[in-house]
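> Give the three-dimensional model of this entry:
(one chain, ligands or ions: 1)
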Amino acid sequence: MPHIAIIGAGITGVTTAYALLQRGYDVTVIERHRYAAMETSFANGGQLSASNAEVWNSVPTLIKGLRWMFRPDAPLLMNPSPSWHKYSWLAEFAWNVKNYRQNTIETTRLAIAARRHLFAIAAQEGIDFDLERRGILHVYRDRAGFEAGAQVNALLREGGLDRRPVTPEEICAIEPALHGPFFGGFFTPSDSTGDIHKFTRGLAACCERQGAKFVYGTEVAAIAAADGSFHIHCKPFPAGKREGHRIEADTIVISAGVESRRLAAMLGDRINIYPVKGYSITVHLDTAQSRDAAPWVSLLDEEAKIVTSRLGADRFRVAGTAEFNGYNRDIRADRITPLTDWVRTCFPGIETSRVVPWAGLRPMMPNMMPVVRAGRRPGVFYNTGHGHLGWTLSAATAEALAQTIAAGPAQVGTRTSTRLKQAG
Ligand SMILES: Cc1cc2nc3c(=O)[nH]c(=O)nc-3n(C[C@H](O)[C@H](O)[C@H](O)COP(=O)(O)OP(=O)(O)OC[C@H]3O[C@@H](n4cnc5c(N)ncnc54)[C@H](O)[C@@H]3O)c2cc1C
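The predicted structure follows:
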């Protein structure tokens, strides 16, 4: 069996490793951190959300984005400093408005397929990741927002999702802990939540038991192709006294999150991922009063662009905001405050004395669709660019990519996107 090297041990790299192991491949995962899931797959919003499959490439979103640029506490923030990467990406983003409908429907289908794979893996391998299958409640504060939501709903339904309109009274019945007022909402009973970090770590351990090799603390610095195989030049991370070394592989899969663009360029491919920063807080529910006051049903507040997940009895995750500021990973207090304030307003009974902030970079393509395909060079593959939905989609894209690789040399080197529906 060929030796496959996967670069990156986030959710996409580890699910790919698992899907390839099931097909009997010899797998090595190279990860610069000491453990799996230490970058964007660390503390995200937790939602496994087909209901959030709408791509952002729409005229109303562009207009809203422009308006938000002038409000310091808005969900979107852009550093206007000149950057070819940022502005060319934004131009491609606007160009993809024409694909809004098709890409939203396709993402919905993929998210529904992904659930089946994810739940099956967790059950088969006994992975505990604080899964809550209680649905996702999308809430709107005014009529205009709710009516726009109804239009999105038609596309989600076309993708096969059961997402129902609910009244303010029904919102109250579905999640009594939530304080309004709200105009209305949509409820998706089949959506769920869970801890991406716990799942990825659990699955990485399971892959190791099944024979995969994980090379941690090792950064891929360069890749050279030679006689149908690859020399992967690695150096210690963070840089230290250890010597660099070389790993040989027949096939390479790039699942390196926001670094995939740089690695793809080494292999002659253009994967135009931009790092779209987001923030989360994990509220520790240390008292019985806090635990009672926190919701169990996952929420998406449309106006604030905030998502929530209850991670077991004593953690409440709240995430949001999109920031265009390059590879900057600083945790800014003025971006964390709106998340904490939102908790205080919507859940006044929760104590916010122990709140852990985090920032992560979403690996976002301009059309908001993951890249699941062969590269230009034979033996190179990509499973990356999952943007704001990597947790939701990875189990299906990993399966689709493993199918492509297993299909053999006819697939190698083609520029054709993997038919994601195959994963269903
Ligand atoms: C605030 C926020 C909230 C979110 N909420 C949700 C949500 O509710 N639901 C959802 O579905 N998605 C959500 N997402 C998106 C989701 O978290 C990401 O899409 C997903 O984690 C990306 O996984 P990944 O494997 O592509 O990248 P990563 O998890 O970043 O993994 C890439 C790995 O590659 C490694 N790497 C990179 N370069 C190299 C190199 N040269 N050598 C070795 N290793 C390398 C990195 O160290 C990293 O571990 C959210 C994201 C953010 C930021």
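> drop to CA atoms for contacts and neighbour counts, all remaining ones
OK.
> and residue 272, how far is that from residue 261?
Summarising the geometry, the distance separating residue 272 from residue 261, computed by CA to CA, to the nearest Å, is 6 Å.
> Pick out whichever of those two has more residues nearby.
For residue 272 and residue 261, the more surrounded residue by other CA atoms under 10 Å is residue 272, and the numbers stand at 24 against 20.
> Checking the more buried one next. Helix, strand or coil?
Using DSSP: H, G, I helix; E, B strand; the rest coil as the criterion, the local structure at residue 272 reads coil.
> now swap in the one 3 residues further on and tell me
Of the three states, residue 275 takes strand according to three-state DSSP.
> thought it was touching residue 329?
No. Residue 275 lies out of contact with residue 329 (CA atoms under 8 Å); the separation is 9.8 Å.
> can you list residues touching both of these two?
residue 361 (CA atoms under 8 Å, 6 or more residues apart in numbering).
> So between those two, which is more surrounded?
Here residue 275 and residue 329 are set side by side on neighbour count (other CA under 10 Å), and the busier one is residue 275, at 26 against 15.
> beta partners of the more buried one?
Partner residues in beta bridges with residue 275, using DSSP bridges, are residue 363.
> Pretty sure residue 111 sits against residue 47.
No. The criterion here is CA under 8 Å, and residue 111 misses it with residue 47 at 11.2 Å.
> Give me the common contacts of the two.
Each of residue 392 lies in contact with both residue 111 and residue 47 under the rule CA under 8 Å, 6+ apart.
> Just list the residues touching residue 62, thanks.
With the criterion set at CA under 8 Å, 6+ apart, residue 62 makes contact with residue 94.
> quick one: the host helix or strand of it to chain centroid distance?
For residue 62, the enclosing helix or strand under DSSP states H and E is helix 59-68. Taking the mean C-alpha point of helix 59-68 and that of its whole chain, the gap between them comes to 22 Å (CA atoms, centre = their mean, to the nearest Å).
> Contact residues of the stretch 201-350 of the chain facing the ligand?
When proximity is defined as CA under 6 Å from any ligand atom, the stretch 201-350 of the chain approaches the ligand at 218-221, 255-257, 259, 277-280, 319-320.
> among those, which ones are buried?
Burial by neighbour count, 16 or more other CA atoms under 10 Å: within those this picks out 218-220, 255-257, 259, 277-280, 319-320.
> Helices - which of those residues land there?
For these, membership in helices holds for none, with DSSP state H as the criterion.
> Using JSON lines, please lay out these together with distance to residue 166 and pLDDT.
Shown next, in JSON lines, are these (distance: CA to CA, whole Å; pLDDT from 0 to 100):
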{"residue": "218", "distance to residue 166": "50", "pLDDT": "97"}
{"residue": "219", "distance to residue 166": "49", "pLDDT": "97"}
{"residue": "220", "distance to residue 166": "49", "pLDDT": "98"}
{"residue": "255", "distance to residue 166": "39", "pLDDT": "98"}
{"residue": "256", "distance to residue 166": "40", "pLDDT": "98"}
{"residue": "257", "distance to residue 166": "36", "pLDDT": "98"}
{"residue": "259", "distance to residue 166": "41", "pLDDT": "98"}
{"residue": "277", "distance to residue 166": "32", "pLDDT": "97"}
{"residue": "278", "distance to residue 166": "29", "pLDDT": "97"}
{"residue": "279", "distance to residue 166": "29", "pLDDT": "98"}
{"residue": "280", "distance to residue 166": "27", "pLDDT": "98"}
{"residue": "319", "distance to residue 166": "23", "pLDDT": "98"}
{"residue": "320", "distance to residue 166": "23", "pLDDT": "96"}
